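[1] Dropping the sequence and predicted coords here.
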Amino acid sequence: MWIEPEEVLLAGALWVSERANPFFILQRRRGHGRGGGLSGLLVGTLDVVLDSSARVAPYRILLQTADSQIYWNIACGSSRKEITEHWDFLESNLLQTISIFDNDEDVITFVKGKISGIIAEENRLKRSEEQEENSGKFLEAELKMRKLFGMPEEEKLVNYYSCSYWKGRVPRQGWLYLSINHLCFYSFLLGKEVTLVVPWTEVTQLEKNATLVFPESVRVSTRNAEHFFSMFLNVNDTFKLMEQLANIAMRQLLDNEAFAADRSLPKACKTLKNVSALKRDFDARAKNERYRSMFRLTQDERLDGHTDCTLWTPFAKMHVVGQLFISNNYICFSSREEDLCQLIIPLREVTIVEKADSSSVLPCPVSISTKNKMNFLFANLKDRDFLVQRISDFLQRTPDGSWSDTNPLSLIGSSGSTSVDSVHKGRHYHGGLPTAQQGLLRLYQQDGPEDLGPKAMKERMKEEAWNIHFSEFGRGVCMYRTSRTRELVLNGIPERLRGELWLLFSGAQNEMASHPGYYGDLVEQAMGLCSLATEEIERDLHRSMPEHRAFQNETGIAALRRVLTAYAHRNPNIGYCQAMNIVTSVLLLYGTEEEAFWLLVALCERMLPDYYNTRVVGALVDQGVFEELTRAFLPPLYDHMQALGVITTISLSWFLTLFLSVMPFDSAVLLVDCFFYEGIKLIFQVALAVLHDNMDALLVCSDEGEAMTILGRYLDNVVNKQTVAPPTPHLHALLTSGDDPPPEIDVFDLIKASYEKFGSLRSDVIEQMRFKQRLKVIQSLEDTAKRSVVRAMMTELAFSIEELEELYCLFKSKHMTSCYWGSSSSAAQRHDPSLPYLEQYRIDLVQFAQLFSALSPWVCGSHTPTLSARLFRLLDQNQDGLVNFKEFSTGLSGMYHGDLTEKLKLLFKLHLPPALCAEEAESALEATHFFTEDKLQGEEPKDGGEDVEEKKEVKDYRYYLRMWAKEKEPKRETIKDLPRMNQEQFIELCKTLYNMFSEEPSEQQLYHAIATVASLLLRIGEVGKKFGNGAKKVEAPPPAPPGEEGPGEGTSTDAQVCQALADAQLEPPAPLTSDEETKDDTSVSSFSVVSSGSLQCEDIADDTVLVSGEERRGSTLDADWSITFEQVLASLLTEPALVEYFERKMDIQAKMAACKVQRAVERQISSASDHELSQHSS
């Protein structure tokens, strides 16, 4: 590549000149390529250890002048081919021009200007912004990574770091390359090379630790090995990037959320050295995730920037120090001191943004006013003008939010006119429905008498406390959220305000406000559609809180059906999962249908990520986190519970339903209050508090059942003594109460105890633990999938367990490679985790051909791609262009472990449709149609006769049951079922056989045997034509024109085939026998018909009849000629060499080992071998 000219003082140091002219010198780096001696080894080692590894390319071109000792570096290259192209350009375009200059300074000025112009033109033509942003040094490192590890251009380098890789007890200093899909390491020290490639999808654990042996190290664990890296300049930065990349890989395994560059991510204002555009995007992505998590915003929200500032808090009469965040739809503030103050201002609510007067007390203030008459004053802003401009830009893009003040659905619902009813007639959801206007709880309590008891008075006091809070801190999305807000939540949210505050704290209110009418449209699209999700929903509807009277009638059931069906339609990746019905039914009690829907969206997609997918991965991850927290906070109990296996059993139901299924409803709903405010941290705290309260009883348990009973009875007796509503019976409590129920536990005391004992839990720590467990859980699920596949295939295939596991890993690896290196997104769409394990991974023809050539025992040289394409078509039974693991392994098993008949049957079928496509043999489909049609014609009278007979007798139900059972039985294919093979297909079979034995020790004997068998089958086909096809009237081919020459004198292909068949038919069998006895092993039968393109010249005898593939396409072959599989089998059994070849047991282990070596995890070579760059450049 051309580079901006830079001075070089010592042109000869560490470099060897290879070409030179009066103005330019082409140099090669010492230690690159063959030889180099000790100096080459030293330079190679320096290049790896020092920073020059990524900067110095192995070739360069210098500009020189006769009178100057200063050289200018103008080009560099990673291969000889690249640098030679630059050299040829200079000689042909510049050398003659600069030779006429008189002054050396003019030469230097001219060349430097010319090179700068070339670079500017190249940059202008580059279409990728990423390439423009990346520094030259980083691009060199990316190029070197691809050369070192054989990566294609689709593999993008994110960043690279200097570090040590511990191989045994010896640290190897080198470079760690972190790309989108791989972790790679390279070291070259005094002739010893270490190369490591670890796909992120194989990482099972990532840990950052510091020990005496490995100081400040990062441990990367896979299923088979552990790798330690240390001596990083910034270990935290490296580890964070590793976490992000591993997370992306886990998402790919989980639901195909493959990496795609985010076009809307903020771009850096200046290019940073040694940092790629991808690295900056990853940093921005991490900031976005933290921002969205902190303020419970939607997934499409993008952080534009943040700055330090102060916020005037009128309730405390003070300025609070914190950070201001600006994104495309929100202005948010978070105090530096936790829980002091948090603020979310949607731009749709903003009316005025203005710069207030600055003073020494209030420097650089900005005032923001909203529609509900609230005013917010920010000060101490560093770049106030720019900030105000950015907010104004976002405000201009914000659609008019006048509708947000009033809910259009409430307007519709309040109108009782017949015109509105007629408008909504026929719609599943409309504003006239009772559940579209209020929650089910209020709907069923509005007719009851007013309660004036002490509990009701306490409830009203709570409402009054919240009203005072609203007057001081504001109401709605722009409310100041402080420690006072948390106190009110922990004391219990009043039932009248529960739906409103759940919407506020979960962020669902913002999403609902920005999607008016979305839920109604979704219901109309979803209702009436039939799917697996809707069937499961119908099955679970009446199991959702059946003890509550709101769900003992069609109003509640219909609302629940609409919400669950709408969400399953919105998010088919989740669809419907058990436990969603319980959570949704509680949401419907306190909110309208639309509010319940958006609360469910917030739960499934933000607050409980991956909880409700097909494999409940999120719940399993949090189950692992809970185990880790138990070990940290309650170590004695953890050891005992692990021995009993209780933690994994109990925690899944606790987390999936937020305690709603294991605790009385009135108590559990208070935990839901706290959960919407605090997040998952609250659930962990309460779960730990439950274990702590029962520690003494659990420590003396002897089995899992006893421990489960203790915990179940404890949770059944957690009561809410302040509830106003009539008690809802808890079915589980009624069943397990026993004669001596345990004492009641006040839910408020339980929540208070959880904060006192485990309130130190932090959300960021939980997220870190979640990442660690996610790696473990997803890899465990992958292992389970592998074991399930192997178990299912063991009985059907002859491969051993180890061989099947290895085959599955190779197959999956090929699929994953196609996902992230494929030219289109279709590869990534093939992995569907909802499918059965055997069908989750599928490969197309290109990947199948690669695996076939690497693993197949039938090596056919240049004919291998053709054979693999035929096998692919044969295995692809549903003709979708994809083959799953079961189909793939079945094909391989036939080749490796089938007996002689099975192997020959497979080979025979590879030369019949659908394996043999029309392009390969034009007459194949015609012949198949001919034989099939003939067979059907012959069977018609028989079928008709049977029908007449069947009509005479009446069949009872047992007959139909037998017929149905017969249809369900798997049909085993016999050799009688195979269709006949025509002449064109037979020639293709011969071609395959001739290509199959090129690497065999007994190659000549096998060729001789094939020639004999082919000759015999030709005669059999001719005889069969006389007897089998004599009655058929088939149009004969036109006779050859008179005067044609003999077969050896340049006759047409048609005449050659006819002559060969005639010779084969007329030759008596006796001479053949004597001839076979007398000729040696190297001879070839005079009756063999082979393709001229399938044999090398030295393998073809003089008396072989050649049939050219190109000429054969246009020739007319004998349509009556055909043979059966029995005839092929019988003929082949006469040749011991062929019988021995097809009966030989093949070992797939060596092939799989060789396939793994192609992408070796680690290798070490001596200094005598070529360096890796020279290998790739040659």
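    Structure received. Numbering: from 1, shown residues only.
[2] Tell me where the stretch 701-850 of the chain has helices.
    With DSSP state H, counting those that start in this stretch as the criterion, the stretch 701-850 of the chain has helices at 704-716, 731-736, 747-758, 763-794, 801-821, 826-829, 845-855.
[3] Looking at those, which is nearest to Ala1119?
    Ala1119 lies closest, by Cβ to Cβ, to one member of the helices of the stretch 701-850 of the chain: helix 845-855, at 30.7 Å. Where you see a C-beta, it was placed from the backbone N, CA and C, and this is true even at glycine.
[4] and the closest one, how far out from the chain's middle?
    How far helix 845-855 lies from its chain's middle: 21 Å, per Cα atoms, centre = their mean, to the nearest Å.
[5] Same question for stretch 612-622.
    Centroid separation for stretch 612-622 versus its chain: 17 Å, with Cα atoms, centre = their mean.
[6] ok, now stretch 464-484?
    Offset of stretch 464-484 from its chain centre (Cα atoms, centre = their mean): 44 Å.
[7] what's the answer for stretch 194-209, then?
    Distance, centroid of stretch 194-209 to centroid of chain: 17 Å (Cα atoms, centre = their mean).
[8] domains of the chain?
    Annotated domains of the chain cover 2-125, 136-255, 296-396, 440-444+452-605, 617-761 [the TED database].
[9] Kindly provide the whole-number mean pLDDT of the fourth one.
    The average of the pLDDT scores along domain 440-444+452-605 is 91.
[10] In space, not sequence, find me the middle residue of this protein.
    Compute the mean C-alpha point of the chain, and by Cα atoms, centre = their mean the closest residue is Gln252, 2.1 Å away.
[11] what about that one, distance to Glu495?
    The spacing between Gln252 and Glu495, counted by Cβ to Cβ, to the nearest Å, is 44 Å.
[12] just Ala559 next, same as before
    On the measure of Cβ to Cβ, Ala559 and Glu495 end up 18 Å apart.
[13] Over to Gln445?
    Taking Cβ to Cβ, one finds Gln445 at 9 Å from Glu495.
[14] For these two, indicate the residue with more neighbours.
    For Gln445 versus Glu495, neighbours defined as other Cβ atoms under 10 Å are more numerous around Glu495 (20 against 15).
[15] Wait, that one touches Glu459, no?
    Yes: counting by Cβ atoms under 8 Å, Glu495 touches Glu459, with 7.1 Å between them.
[16] Between the two, which contacts overlap?
    Residues touching both Glu495 and Glu459 (Cβ atoms under 8 Å, 6 or more residues apart in numbering): Val724.
[17] quick revisit: show me the least confident stretch of the domains of the chain, going by mean pLDDT.
    domain 2-125 (a mean of 78).
[18] Helix or strand: which one has the residue lying closest to Ala526 once chain neighbours are set aside?
    Closest residue to Ala526 apart from its sequence neighbours, by Cβ to Cβ, 6 or more residues apart in numbering: His569 at 3.5 Å. If you go by DSSP states H and E, His569 is part of helix 554-570.
[19] Also Leu253?
    Applying DSSP H and E, one finds Leu253 within helix 235-255.
[20] Does anything pack onto that helix? Which helices or strands?
    Using 3 or more Cβ pairs under 8 Å, 6 or more residues apart in numbering; DSSP states H and E, the elements in contact with helix 235-255 are strand 157-167, strand 170-179, strand 203-209, strand 217-222, helix 277-295, helix 763-794, helix 801-821.
[21] And the helix holding His569, what's buried?
    For helix 554-570, burial by neighbour count (16 or more other Cβ atoms under 10 Å) applies to 555-570.
[22] which residues sit against that helix?
    Contacts of helix 554-570 (Cβ under 8 Å, 6+ apart): 428-429, 433-435, 440, 443, 519, 522-523, 525-527, 529, 531, 533-534, 537-538, 541-542, 544, 550-551, 574-576, 580-581, 584-585, 587-588, 593, 596-597, 600-601, 604.
[23] Return the subset of those lying in helices.
    Counting by DSSP state H, the part of those found in helices is 440, 443, 519, 522-523, 525-526, 533-534, 537-538, 580-581, 584-585, 587-588, 593, 596-597, 600-601.
[24] Now, of these, which are buried?
    440, 443, 519, 522-523, 526, 533-534, 537, 580-581, 584-585, 587-588, 593, 596-597, 600-601.
[25] Distance check, Ser1015 against Cys860.
    22 Å.
[26] swap that for Glu105, please
    66 Å.
[27] just Ala550 next, same as before
    According to Cβ to Cβ, Ala550 and Cys860 sit 71 Å apart.
[28] ok, now Arg390?
    If you go by Cβ to Cβ, the gap between Arg390 and Cys860 works out to 65 Å.
[29] Then Ala249?
    Taken as Cβ to Cβ, the span from Ala249 to Cys860 is 37 Å.
[30] And for Leu157?
    The separation that Leu157 has from Cys860, given Cβ to Cβ, amounts to 39 Å.
[31] likewise Ser78?
    37 Å.
[32] do the same with Tyr291
    58 Å.
[33] Tell me if I'm right that Met1 and Ser79 touch.
    No: using Cβ under 8 Å, Met1 makes no contact with Ser79, being 11.2 Å away.
[34] Common neighbours of the two, please.
    Residues touching both Met1 and Ser79 (Cβ under 8 Å, 6+ apart): there are none.
[35] and Gln27, that's in a helix?
    No: judged by DSSP: H, G, I helix; E, B strand; the rest coil, Gln27 forms no part of a helix; its state is strand.
[36] Okay, now the unreliable bits of the stretch 951-1100 of the chain?
    Counting by pLDDT under 70, the stretch 951-1100 of the chain shows low-confidence ranges at 951-973, 1028-1100.
[37] repeat that with 50
    By pLDDT under 50, the low-scoring segments of the stretch 951-1100 of the chain are 951-953, 1031-1100.
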